[in-house]
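Q: I need the structure of the sequence given here:
(2 chains, ligands or ions: 4)
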Amino acid sequence: MINFGYKISTPRSIDMDSADSRLYCQLVEAVPSYRYCIGCGGCTATCSAGQFTDFNIRKAHFLFSRRQYDKLASDTFTDTDLNKCMLCGKCSLVCPRGVNTRGLILQMRKLLLK
Amino acid sequence: MFSIFVIPFCLGVLALLVISVIKYYNWIKEFDRKQQTLIRKNILTWKFLPAIWEMFRECLLHWRITKHNALLGYMHRSLAFGWFLLIVVGFVQALVAYPNGHQFYVGIFFNYFEPHYPVSHSPALPFIANLMDALLLYVFSGLTLAIVKKFWSKPLGMKRTTRHNLTDRIAKAALWSIFPARLLAEGATSALYGNGGFLVVAMGRLMQAVGLTSTVLEYNLWTFYSLALGVFFTLMPFTRYMHIFTEVFLVYFRQLGLRDSDSKSGYTMFELSACSRCGICIDGCPINRELGVTDIQGVYLLQAIRNKDLRNRAESIANMCMVCGRCSAECPVGIDLEPVRRQVRTEYAKGIDHPEGFQYLKSLHHFNALGRVAYFGGCMSHLTPGITQAMEQIFQAAGQSYWFMDQEGSVCCGRPLLQQGLVRQAQALRDRNKSMLKKSNATMLVTSCPICYQSFTKDYRLDIPVMHHSQYIDMLLKNGKIKVERSDMRVTYHDPCELGRGCGVYDEPRHVVAATATLLPTQEEREKSLCCGFNLGNTSIDSEQQVLIRDAALRNLLEPNPDMIATACPMCKKAMTRANNTPVSDIAEIIANQLIEK
Ligand code: SF4
Ligand code: SF4
Ligand code: SF4
Ligand code: SF4
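A: Residues are numbered from 1 along each chain as shown, chains lettered A, B, ... in the order given. Ligands and ions are numbered 1, 2, ... in the order given. Have a look, this model is predicted:
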């Protein structure tokens, strides 16, 4: 193929019909307030761990809601490694939607073990 | 002296003894090394003296319950102390009547044996008989209250009482029938021989009047009494009544300095069965009061750990709690529920406790704070910059050089992780902060967050003094380093859970407030203060529920109609500021506003 200097990016859309929603449903059941998340990123902006690293809590829970669990689980030492979280609670306090983010983080970690 | 009917009683006592000894032996074996060392170190010291006093005060007189509610205390006291005296005086009675020796059960069935085998006719006997009857009456008064409480618990200061399981209820039925059975049996004997004190003789007369005079009936009633005792004693080690003896041990171990550790130990086992399931921990709990969840309180946590069938509920019970500490503060047995809860959380968090996540902390650099006060704002204070600014102002006014340790970004103290049972991760954060403090050569640590304060004082083992800013400001005011102007503001003070019940700091923040404003008392304060609802101990409830708990705390604080609410925790401040029109300030901010510049 002739190289025109362009790239075709792989589509990032998720086919919800074939995605495995079991873990996500369990997560929402355990932390009902996660349904209110609007993805504003307030949590990431204030994150204590985010001040020292590229840790991105919004991206992490966003991956979970996109059912990309494998990405989240295998991503150790990356920007969505949930073990970087100090559970300090700043994200819960700034969240404009009242999402219980600490519960979310702990539950994601527990669910990803399964 | 023997009669067949004493056998159930004797078997019951034997079963109780054997099972208790086995249980206690196994638990003592399970003490961890630290607990064993403490026992060895302290067992031969004078510490048994306060232990005996506390045993007498708490296991028999139930002093702490009495402070909670006088009537409830009376109920527990009359059953415990009354029965204890019945047994002791019963033995004295047998000793006086049979000075040449007797079987151990004679004291229990004294009236039966006494008309058959009289030996001594000491003039003390009629007096003791009347005393025994008075004691029986005393026990009956407690029993009546216990029955009233079952159906109508309010007068005894309890809105909710504990739900018990089947074995507990059988044992309770046996216990409750012991004393009426005793009176009936003694009455039947008295109907035949006219012996006994005032109560028993009256009972005997009554039975005579209705024609209940027969040796068969007498014998059967004594058998029933012995059976009730036998059943109760046999079931005792398997029911909540095991608390009767266990509390005695627990008091002793506590006086020897033993405390619960990070994982389940023998001491935990003693705590588990020292719980009398009195249910006092239920009413004050904010999860019960505001959310109506009535099955997660201390009593049910301990039950779920003890009872294998309920074990699968232990995780959700432990997680549902705010760790506000109200239940431990009210528990009359003095069970420290927080470590027990944390043990459960730790057990269920084993798989996710990965300290490797904190590799990134290694690359952070250290600072030098030679000879200065280190100031640790804490994560939450970064969301309430008013507090850190006020503290900087105060340091400057006092002429104190300081090092704002987490100005650039805070490494959490580790307590939030610890509370969730992530022990190793918490340790990683502590190690980091500790080495930073060490290298800094700071001579004192001041923190604005009660969560950090509790962590630094209890979990870090630092070799420099640690102060919460309320204590630090109080000190500055006392030795005149800073001066404040008085204002005519009327202020109520909110005790943060972690500072008050967590660390026992109640007075210093009050002194600080009172130095510049008029402090108004509230209904529920100090040990009884209400959680602001946002305590980091809980990750199970959502913000709607947090808000309900907070509103209850606010109602209490706003009731005296203050101009301002003061608190000493950035978290409480943040939680309460959002909700109401009355301004909420940290005590540091109040003081910074009133500073008189030198
Ligand atoms: S701050 Fe709240 S709403 Fe915004 S992305 Fe984070 S969790 Fe979602
Ligand atoms: S709790 Fe975790 S994710 Fe939330 S702000 Fe703190 S470190 Fe970041
Ligand atoms: S934990 Fe304490 S307050 Fe609660 S039921 Fe047991 S003894 Fe009573
Ligand atoms: S610590 Fe507080 S929330 Fe938890 S059970 Fe005790 S009273 Fe309830």
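
Q: going along the chain, name the strands of chain B.
A: B:373-376, B:402-404, B:444-447, B:466-468, B:490-494, B:518-520, B:564-567, B:584-586 (DSSP state E).

Q: in the longest one, which residues are buried?
A: Okay, so that is strand B:490-494. Buried residues in strand B:490-494, defined by neighbour count with 16 or more other C-beta atoms under 10 Å in any protein chain shown: B:491-494. (Each C-beta comes from the backbone N, C-alpha and C, glycine too.)

Q: mind checking if stretch B:557-577 is in reach of chain A?
A: Yes: using C-beta under 8 Å from any C-beta of the partner chain, we find that stretch B:557-577 touches chain A at B:571, B:574.

Q: got the domain ranges for chain B?
A: As assigned by automatic domain parsing, chain B contains the domains B:45-240, B:259-348, B:359-474, B:483-593.

Q: helices of chain A, start to end?
A: A:22-30, A:42-46, A:48-52, A:57-65, A:69-74, A:90-94, A:101-113 (DSSP state H).

Q: most tightly surrounded among these?
A: helix A:90-94 (a mean of 24; mean count of other C-beta atoms under 10 Å in any protein chain shown).

Q: circling back: can you redo the strands of chain B as CSV with distance to ligand 3 and mean pLDDT?
A: Formatted as CSV, the strands of chain B follow (distance: least, C-beta to the nearest ligand atom, whole Å; pLDDT from 0 to 100):
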stretch, distance to ligand 3, mean pLDDT
strand B:373-376, 34, 94
strand B:402-404, 42, 91
strand B:444-447, 31, 96
strand B:466-468, 28, 97
strand B:490-494, 24, 97
strand B:518-520, 30, 96
strand B:564-567, 27, 96
strand B:584-586, 32, 96
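
Q: residue B:383 is nearest to which of those?
A: Among the strands of chain B, strand B:584-586 comes nearest to residue B:383, with 12.1 Å by C-beta to C-beta.

Q: quick one, what contacts residue B:191?
A: B:203-205, B:207-208, B:212-213, B:218 (C-beta atoms under 8 Å, 6 or more residues apart in numbering or on different chains).

Q: for it, give its distance to residue B:1.
A: According to C-beta to C-beta, to the nearest Å, residue B:191 and residue B:1 sit 21 Å apart.

Q: still on that earlier bit, nearest to residue B:330, of the strands of chain B?
A: Of all these, strand B:490-494 comes closest under C-beta to C-beta, at 18.8 Å.

Q: from chain B, how far out is the residue of chain A found nearest ligand 4?
A: At 15.4 Å from ligand 4, residue A:103 is the closest residue in chain A, using C-beta to the nearest ligand atom. Here residue A:103 is placed at a distance of 4 Å from chain B (C-beta to the nearest C-beta, to the nearest Å).

Q: do you know the pLDDT at that residue?
A: On pLDDT, residue A:103 comes in at 96.

Q: quick check: it touching residue B:536?
A: No: counting by C-beta atoms under 8 Å, residue A:103 stays clear of residue B:536, with 11.2 Å between them.

Q: and the residue lying closest to residue B:486 once chain neighbours are set aside, how many neighbours?
A: Leaving aside its sequence neighbours, residue B:486 sits nearest to residue B:516 (C-beta to C-beta, 6 or more residues apart in numbering or on different chains; 5.7 Å). When neighbours are counted by other C-beta atoms under 10 Å in any protein chain shown, residue B:516 registers 20.

Q: perfect, I'm done here.
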